[in-house]
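> Predicted coordinates and the sequence they were generated for:
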Amino acid sequence: MSNSNIEEQIKQEREQARAVCDSKGAESGECAAAWDAVEELQAEASHQRQKHHQKSPFEQYCDNNPEAPECRVYED
């Protein structure tokens with residue numbers, strides 16, 4: 001799922017949560033569940049952003065110099 005799709009889903013879930021809370025009441029279980037769905041999507045979006053982080057200078061160095069002693073990976 002792309003980040004733009006998640007952001008669109010978050011927007012839709014927020015609108016739905018507001019509608020549910022307006023019709024069922026802010027203290028209802030349905031309202032709480034609707035906002036839980038929004039929070040889950042926001043957590044997924046955050047996870048996706050962290051997953052696609054920028055490489056560190058060391059990672060970039062090893063990408064460019066895989067045979068450097070400090071970049072070698074040994075398998076048993």
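That came in fine, so what should we check first? Predicted, not measured: the structure shown is a model, and the values here were computed from it.

> Look up how far Phe58 lies from the nearest residue to Arg72 once chain neighbours are set aside.
Distances taken as CB to CB, 6 or more residues apart in numbering put Pro66 closest to Arg72, at 7.8 Å, once the chain neighbours are dropped. For the C-beta atoms, the positions are set from N, CA and C on the backbone; glycine is no exception. For Pro66, the distance to Phe58 equals 13 Å [CB to CB, to the nearest Å].

> What of Val38?
37 Å.

> Which of those two has more residues huddled nearby?
Neighbour count, other CB atoms under 10 Å: between Val38 and Phe58, Val38 has more, with 19 against 10.

> And the pLDDT at the more buried one?
Val38 carries a pLDDT value of 94.

> so it sits right up against Ile10, yeah?
Yes. Val38 lies in contact with Ile10 (CB atoms under 8 Å); the separation is 6.4 Å.

> returning to that earlier point: tell me both backbone torsions, phi and psi, for the residue nearest to Arg72.
Per-residue torsions, Pro66: phi -60, psi -20 (degrees, to the nearest 10).
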